[in-house]
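Trainee: Sequence plus predicted model, see below.
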Amino acid sequence: MYSAGYVTRDDHNARALTKLQQIRAVRINAAVENTYRLSPTLNRLLNEATHRARNYDISADFGEQMARLIKLMDDYTDACLQNRIEDSLLIQGDIDATLYEMAEAMNDFLLHVRTAAENNFGNVTTYKEKEKQTEHYLNQLERILKALSMFDGEAILDELTPPERETLEVLYQSHILDKLSEWRSRTVDIIHVLKTYLYKIRTVAPRARRIRALQLYLQKHPEYEVRSPDEYSEIPEWAYHHEPLKIQLVPDLGAQNIRDSLVDIAKSIEKAVAVPVKTRKPGTPVDEAPPKAALIKGSPLVVVSQRLLNEADKSPTPISAAGYFIQAEETKVLDQESCMMCFLTLVEKQINANARIIRRLSINHVAKNEDDTLSGNVIIEDVLLCQR
Amino acid sequence: MSTFARVATALMQGGFICQITDYEGHQFLANTVNQDDVDHYLRRIDLRLTTTRDGGAFFAARADIDIEGKKDAKKRFTEVKNVLRPMVSFLELVMRITGDDESVAAGQVLNLNQMMARISENPSLYLQLRQTTIDINTKDGSDRERLNKIVKRFQNEGYLLLINPESEIYIFTGRIEWLMEAIEYLMLHDEISEEDSEYDKRAES
């Protein structure tokens, strides 16, 4: 089995390997004993057939081909001048093939690098290797740019000016010059992509790796804390970022021009009526006498009359109103006739109002001149009250 | 206000001048004559002009690296200490979601809606989001609210810039370069291995 770049000779493949060695398809591998490896030519052919990508596979070295081209053109001129038609045609064919190879090599190179760059050099796994490849191809592309300027340089164009080289000039135009601007544009594009990618690899990738690693570390070490700068060997530049200053601008009222400006500003402000906002103070409990309204009492006569009605409501025996007024503290000092007159007025009002207390009472008037029926006056001297 | 005045003021206020936050200012500082001019001005107040390693963001640093410089360095280390866990977790989350290592660099766009959609599809991403919110002491609210809080915090600290409020699209600023340098420094000096066993596998895939 052919692996790791060689095949080991054993009893089964010994004869076949010998035959392959005879036709120079395989060579003895000097690095490992008793092994064979493919010849470089066959290896290249297989790589081409299987589209296998190899690191640094394509070279941007067109200098050698250019030197060969110039040599062929000189030979062509010699053949033409010496009238060797067959030789000149043969050499013209060689030149055509060389130009074709150069154009195709250029196309292949640009396509290969573009694909590798777009795939972020997916044929290698580590970022270090990707960085190396990017640098390599950037270097190659710089050389390509030089080669492109050589392709339409004065030196080569001068080489094509002699009249006998007119056919070569046509070939050179179609194979190289017509494609030059496209190659330049593609090269510049790829250089841009590679430079961006190189920046990403060099700056972004380590930074991202650092963040991921630190996040992992902080999760595993909840006790970790940043120490004081004194505990580190040196204070880094970023730490000298100064404490922000608080800047406040105050107008200089001493300057006339500032005052004038402020007047202008003040004039531009719309007038507004200032409405002072009254703030109510919260109240506090006051320890004071009950309000006067609560102290309002009925007159002594009304109070005693009401008391009399209430007592009579409960009394089965008649109570004399005149006697009650004389005994009561509030009314005993008053004029008794007036008291009786007021009591009668009160009772009359209660009767008119159909008060409940009156409805429950039996009220009998005692007239002074009851016997003198013809006198025309009824003088009430007492009222007897009891429950009905 | 002239470009010089704007840039100098922003630098004194602790700002980072990058192509994302102030394109014109960054172009202005990229010119060495202007750089010297601004640096000369800052040195009069004991500051100096400096830049992240690759020149992506300019910032003002202490001119005196002994006394005042060390005081500021302590504050910056504390700042990094506070932001390190949630930020690293968040950056790793963004890289996982986008599948692109370059997605956490200055100038890279962060689409919150797309991010949330991916998180809701993947339980592992969801867990990581929860862990990140715990790191910034924000546990309450829906997943979307949590993500918003994380992004809001990094926006307030200048790592992200909101470029489209309607679509909730952010962009990483040049300040992220500053944090990357801090991470690199800490990993080097605290001897944290940069080897990521998953890394080469990913490269292969």
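Mentor: Ah, there it is.
Trainee: Residue of chain B closest to chain A, please.
Mentor: Relative to chain A, the nearest point of chain B is residue B:14 (2.7 Å; CB to the nearest CB). Heads up, the C-betas are built off the backbone N, CA and C, glycines and all.
Trainee: OK, contacts around the nearest residue to that residue once chain neighbours are set aside?
Mentor: Counting by CB to CB, 6 or more residues apart in numbering or on different chains, residue B:14 lies nearest to residue A:244, which is 2.7 Å off, once chain neighbours are set aside. Applying CB atoms under 8 Å, 6 or more residues apart in numbering or on different chains, we find residue A:244 in contact with B:12-15.
Trainee: quick one: the strands in the chain?
Mentor: Since no chain was named, I'll use chain A. A:7-8, A:26-28, A:35-38, A:319-320, A:361-367, A:380-387 (DSSP state E).
Trainee: You answered for a different chain; I wanted chain B.
Mentor: Using DSSP E, strands in chain B cover B:17-18, B:47-51, B:57-62, B:109-111, B:160-164, B:169-172.
Trainee: In CSV, list these along with mean neighbour count.
Mentor: Shown next, in CSV, are the strands of chain B (neighbours: other CB atoms under 10 Å in any protein chain shown):
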stretch, mean neighbour count
strand B:17-18, 28
strand B:47-51, 22
strand B:57-62, 24
strand B:109-111, 17
strand B:160-164, 15
strand B:169-172, 19
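Trainee: Got phi/psi on the residue nearest to residue B:14?
Mentor: Phi and psi for residue A:244, reported as degrees, to the nearest 10, are phi -60, psi 140.
Trainee: So what's the predicted local confidence for it?
Mentor: Here, the pLDDT recorded for residue A:244 equals 89.
Trainee: now do the one 4 residues further on
Mentor: Residue A:248 carries a pLDDT value of 86.
Trainee: now residue A:31: how far from residue A:5?
Mentor: 9 Å (CB to CB, to the nearest Å).
Trainee: These two: which is more packed in?
Mentor: A direct count of neighbours by other CB atoms under 10 Å in any protein chain shown for residue A:31 and residue A:5 places residue A:5 higher, at 12 against 9.
Trainee: Now do the contacts for that one.
Mentor: Going by CB under 8 Å, 6+ apart, residue A:5 touches A:29, A:37.
Trainee: thinking again about what came up before, out of the strands of chain A, which is the most enclosed?
Mentor: The highest average neighbour count among these, using mean count of other CB atoms under 10 Å in any protein chain shown, belongs to strand A:35-38 at a mean of 20.
Trainee: Please pull out the lowest mean pLDDT helix or strand from chain B.
Mentor: helix B:197-204 (a mean of 51; mean pLDDT, DSSP states H and E).
Trainee: ditto for chain A
Mentor: Per mean pLDDT, DSSP H and E, helix A:40-50 ranks last in chain A, at a mean of 72.
Trainee: Could you list the low-pLDDT ranges of chain B?
Mentor: For chain B, applying pLDDT under 70 flags the ranges B:138-139, B:196-205.
Trainee: Point to the residue nearest the middle of it.
Mentor: Central residue of chain B (CA atoms, centre = their mean): residue B:176, 2.6 Å from the mean position.
Trainee: Please list all residues in contact with that residue.
Mentor: B:104-106, B:159.
Trainee: okay, the angle between the longest helix along chain B and strand B:57-62?
Mentor: Longest helix in chain B by number of residues, with DSSP state H as the criterion: helix B:67-98. Between helix B:67-98 and strand B:57-62, the angle comes out at 150 degrees (axes from the mean of the first three to the mean of the last three CA atoms, to 10 degrees).
Trainee: Not counting stretch A:26-38 itself, show me its contacts.
Mentor: Contact with stretch A:26-38 is made by A:2, A:5-9, A:17, A:20-21, A:25, A:39, A:46, as judged by CB under 8 Å, 6+ apart.
Trainee: and the residue nearest to residue B:57 when sequence neighbours are not counted, what are its phi and psi?
Mentor: Take residue B:57 and drop its neighbours on the chain: the residue closest to it by CB to CB, 6+ apart is residue B:174, 3.0 Å away. Dihedral pair for residue B:174: phi -70, psi -10, per degrees, to the nearest 10.
Trainee: these two touch, right, residue B:174 and residue B:23?
Mentor: No: with contact defined as CB atoms under 8 Å, residue B:174 does not reach residue B:23; the gap is 10.9 Å.
Trainee: out of those two, which sits in the busier spot?
Mentor: Of the pair residue B:174 and residue B:23, residue B:174 is the one with more neighbours under other CB under 10 Å, namely 27 against 11.
Trainee: wait, what's in contact with that one?
Mentor: Shown in contact with residue B:174 (CB under 8 Å, 6+ apart): B:16-21, B:26, B:52, B:56-57, B:106.
Trainee: what's the spacing between the residue in chain A that chain B sits nearest to and residue A:266?
Mentor: Going by CB to the nearest CB, chain B is nearest to residue A:244 of chain A, at 2.7 Å. From residue A:244 over to residue A:266 the distance is 32 Å, taken as CB to CB.
Trainee: Also residue A:323?
Mentor: Applying CB to CB, the value for residue A:323 to residue A:266 is 91 Å.
Trainee: So between the two, which is more surrounded?
Mentor: Between residue A:323 and residue A:266, counting by other CB under 10 Å, residue A:323 is the more crowded of the two (11 against 8).
Trainee: need the contact list for that one.
Mentor: Counting by CB under 8 Å, 6+ apart, residue A:323 has contacts residue A:382.
Trainee: cutoff 6 Å now
Mentor: If you count contacts by CB atoms under 6 Å, 6 or more residues apart in numbering or on different chains, residue A:323 has none.
Trainee: Buried ones among the contacts of residue A:244?
Mentor: Buried by 16 or more other CB atoms under 10 Å in any protein chain shown: B:12, B:15, out of the contacts of residue A:244.
Trainee: In helices, which of the contacts of residue A:244 fall?
Mentor: Judged by DSSP H, the contacts of residue A:244 include residue B:12 as members of helices.
Trainee: Helices of the stretch 251-388 of chain A, residue ranges please.
Mentor: A:256-268, A:300-314, A:321-327, A:336-352, A:356-359 (DSSP state H, counting those that start in this stretch).
Trainee: Dump the ones you listed to a markdown table, plus distance to residue B:115 and mean pLDDT.
Mentor: Formatted as a markdown table, the helices of the stretch 251-388 of chain A follow (distance: least, CB to CB, whole Å; pLDDT from 0 to 100):
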| stretch | distance to residue B:115 | mean pLDDT |
| --- | --- | --- |
| helix A:256-268 | 45 | 86 |
| helix A:300-314 | 86 | 88 |
| helix A:321-327 | 97 | 90 |
| helix A:336-352 | 89 | 88 |
| helix A:356-359 | 83 | 84 |
